[in-house]
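*Asks:* got a predicted structure plus its sequence, pasted below:
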Amino acid sequence: MTTSPQLPSVVRFGAYEADLLSGELRKSGIRLKIQDRPFQILAILLEQPGLVVTREQIQKRLWPEDTFVDFEHGLNTAINKLRDALSDEADNPRFIETLPKRGYRFIAPVSASAAPRAHLHAVAAVSPPTPFPAPANSPAGPPAVPPVVPPVTPPAPAVRYRLTTYLTPAVMFLFYVALIAAWYFYSHSRGSGERAEIRIAPLNGLPRESDASFSPDGNQVAFVWAGEKGNFAHIYVSQIGTADSPRRLTSADDKSFEFAPAWSPDGRYLAFFRFNEKEQSLSVYITASLGGSERRLYTVHSSRKVDALDWSTDGKYLAFCDSASPGEASRIFLLSLDTLEVRPITSPAAGTLGDSSPAFSPDGKSLAFVRNTLDVLEIYRVPLAGGPPTQITFDHADVQGITWTPDSKDLVFSSSRQGSPSLWRVSAQGGTPQRLPIAGAGWSMRPAISRKGNRLAYTSVNYSVAIWKGSLTPDHKVSGPLERFITSTGLEEGPQYSDDGKHIVFQSNRTGYHEIWRADADGSNTVQLTHFSTNLTGTPRWSPDSRQIAFDSRPGGHSQIFVINSEGGQPRQVTQGDFDSAVPSWSADGQWVYFASNRSGSWQVWKISPSGNSPVQITKQGGFAALRSFDGKYLYYAKGRDLPGIWRVPVNGGEETKLLDGAPVGGWGYYAVTSDGIYYPDVAASAKPGFYFYSFATQISSLAMPVDHQQPSNGAPALAISPDGRSMLISFQEQPLVYIMLVENFRP
């Protein structure tokens, strides 16, 4: 008979220990009094720390036969008792965060240890279920609108039936949690020995630290830290297992910032990027890992898409991404450390955003990277000996960092393939990714795995964007302070007023996925309109009659334009083809939908009938994010995602004229056209940075609102003016909470 492995049962967080099998809660070794129902809720939250557990999911697990009123009262009472036991506060939570009208989330770092075998003898013959079920494939063509898949999966019926023979119903689902965790951690064992417990804790506990990189021996971590004031980030090195303060490695002044440190294979050097604000230049540098002089090796042509740097296993090359110009797709380049010669190793198709995030395999045979086609990112692997790249993932999702396992067999990466960014593992040969049972309070990004020492590190980010509202004066000034208008724990972006002034449409990931939402003009009565449950759905725009909404979504490998009734219903796909179409808007008469597309090989503005037909190209010299004039004669547009300025062209094509130097790079979503002018951001104006109003009558720009501490949220429409010209809606990102989390005894 097959013996059961020793299963993790005790979950630790802070000074507390929760024994999932015995139902006991201890603080610093002292047993606490806690009723059965509050402990059951704690166990459910510990099942997926860092993820939202809805009230409906808790009801199905614990109150299957009670009435809704009894459930509401019972849940609120149990949560209050649980918080009392943990000395936690709803307004300032350390462990349990409340998401109003949604549910709860366990936000503290957790670690798990093993239970004695004596508890498990009765169920030794039970086969553990597969802990990572494969998601359904995306349908071809116009997608159906499936319900949102809950993040907490109930036990499989067959397994539940067999376990009830041995366990009481109150303990049954707790054992299932332990069984899933054990299956993952022990199914990858190389031998028969017992494993040490998995421990997850902040690396240093410093706010605004990120970009972890392990030394070859796995005992040191180089990382980026912005310091206590959070202005300019520099490279630091931390020794694991000591109480010593991290030491700053680089010596740049506070007019430069650095990122993406990478160790040499012998541990003697560190390479990194440095951006010089005065020179507006980004360069690759190298310095000794013990500190000393710094040598500049290469100056990057386009800094917009650069995100990572890696050192080849033989120590001869550095891999990074670059492009000849901001409008050109980025490629992965290899920099020879002997000759300083640079050569490309990837060749993305024209019209894509290009390649980034290079990562050498430890065996020196392959290089993994990420290819971006307008916010649809996939992982590829290319052999260093030559040959075409192989696509590894097919998730149509965002990817925020990749790393190899020490044996070069798997890749660990951050992906939004099932909602907010979390950590996944996939075979380097391809296959179905499996989610790592590691989570914190926020997004899990930028993973790194030590070649020795069984350690993993990742950057945990608590990040949110809120929609704010301001009052406008007749002379186009923002009057008084902005007020928070629409907010959640996620991203609230792209607000747009309907032409009748009665409603607002916006994009939000409050459910875990970007979807289109509608609200009344005062921000009340929010309604979710789309249910794609895929990577990114956004940039909503109202039709002139306020009855339809155009938006873009990515049901497959490319973004497409959709139209939906403003009251909801089945979205209708308008554009087709193996190229990207995005950022729609409407003509003044509602007969056309303008959009940006790379179908000609470069980003241009096109138009198409809302019912779908052959699209018509409008711009010839580049175009993105077009908005019509109120008289319907002109289109105003950005030159591209990565180019500054606002341009103008007749609606049927013709002379393409530059109108303004602003908006800045990445600010294409921060301009709004009114009947008498354009609101737009400018950071290079002679006056202080802020939002300006360009008057069509005078052709002069004046400051509408200075911007000091708020940070714009690039990448989505983020500015809207009410039809009466009295109100402004604008998206600002909140100050993010960023930490590096260290996972000890990690064996993928």
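*Replies:* Happy to help now that I have it. Residues are numbered from 1 along each chain as shown.
*Asks:* return the set of buried residues in stretch 539-555.
*Replies:* 539-544, 546, 548-555 (16 or more other Cβ atoms under 10 Å). All C-beta spots, glycine's among them, are computed from the backbone N, C-alpha and C.
*Asks:* contacts for the helix or strand hosting residue 635, please.
*Replies:* Residue 635 belongs to strand 634-640 when assigned by DSSP states H and E. Residues outside strand 634-640 that contact it (Cβ atoms under 8 Å, 6 or more residues apart in numbering) are 326-327, 594, 603, 605, 618-619, 622-629, 645-651, 659, 663, 668, 671, 673, 678.
*Asks:* now, those residues that are in strands?
*Replies:* 594, 605, 624-628, 645-650, 659, 673, 678 (DSSP state E).
*Asks:* going by distance to residue 699, which of those residues wins?
*Replies:* Nearest to residue 699 out of those is residue 659 (Cβ to Cβ; 9.0 Å).
*Asks:* hmm, back to that, just the buried residues of the ones in strands among the contacts of strand 634-640.
*Replies:* For the ones in strands among the contacts of strand 634-640, buried by 16+ other Cβ under 10 Å: 594, 605, 624-628, 645-649, 659, 673, 678.
*Asks:* considering those residues, which member attains the minimum pLDDT?
*Replies:* Within the set of those, pLDDT is lowest for residue 645 (91).
*Asks:* show the contacting residues for that residue.
*Replies:* Per Cβ under 8 Å, 6+ apart, neighbours of residue 645: 638-639, 658-663.
*Asks:* again with residue 297
*Replies:* Contacts of residue 297 (Cβ under 8 Å, 6+ apart): 271, 283-286, 318, 335, 337, 340.
*Asks:* buried only: go through the residues you listed for me.
*Replies:* Among these, the ones that count as buried (16+ other Cβ under 10 Å) are 271, 283-286, 318, 335, 337.
*Asks:* for those, which two are the farthest from each other?
*Replies:* Between any two of the buried ones among the contacts of residue 297 (Cβ to Cβ), the greatest distance is 14.8 Å, for 283 and 337.
*Asks:* could you pull up phi and psi at the residue lying closest to residue 591 once chain neighbours are set aside?
*Replies:* Leaving aside its sequence neighbours, residue 591 sits nearest to residue 609 (Cβ to Cβ, 6 or more residues apart in numbering; 6.9 Å). Dihedral angles of residue 609 (phi, psi; degrees, to the nearest 10) stand at phi -70, psi 140.
*Asks:* so what touches stretch 199-213?
*Replies:* Against stretch 199-213 from outside (Cβ under 8 Å, 6+ apart): 109-111, 221-227, 230, 233, 236, 238, 240, 246, 259-263, 270, 438, 440, 446, 448, 457-459, 737-745.
*Asks:* now the end-to-end length of it.
*Replies:* 19 Å (Cα to Cα, to the nearest Å).
*Asks:* okay, buried residues for that stretch please.
*Replies:* Buried residues in stretch 199-213 (16+ other Cβ under 10 Å): 199-200, 203-204, 206-213.
*Asks:* again, but for stretch 401-414
*Replies:* Quick answer for stretch 401-414 (16+ other Cβ under 10 Å): 401-406, 408, 410-414.
*Asks:* pull up the distance across that stretch, start to finish.
*Replies:* 6 Å.
*Asks:* repeat that for stretch 274-281.
*Replies:* OK, stretch 274-281 end separation, Cα to Cα: 8 Å.
*Asks:* same thing with stretch 10-19?
*Replies:* 4 Å.
*Asks:* and which of the ones in strands among the contacts of strand 634-640 is nearest to residue 583?
*Replies:* Out of these, the member with the shortest distance to residue 583 (by Cβ to Cβ) is residue 625, at 4.7 Å.
*Asks:* next, residue 732: secondary structure please.
*Replies:* Under the three-state scheme (DSSP: H, G, I helix; E, B strand; the rest coil), residue 732 adopts strand.
*Asks:* quick check: residue 541 touching residue 497?
*Replies:* No - using Cβ atoms under 8 Å, residue 541 makes no contact with residue 497, being 10.6 Å away.
*Asks:* which residues do these two both contact?
*Replies:* Common neighbours of residue 541 and residue 497 (Cβ under 8 Å, 6+ apart) do not exist.
*Asks:* now the strand holding residue 635: buried residues?
*Replies:* So strand 634-640, judged by 16+ other Cβ under 10 Å, has buried residues 634-640.
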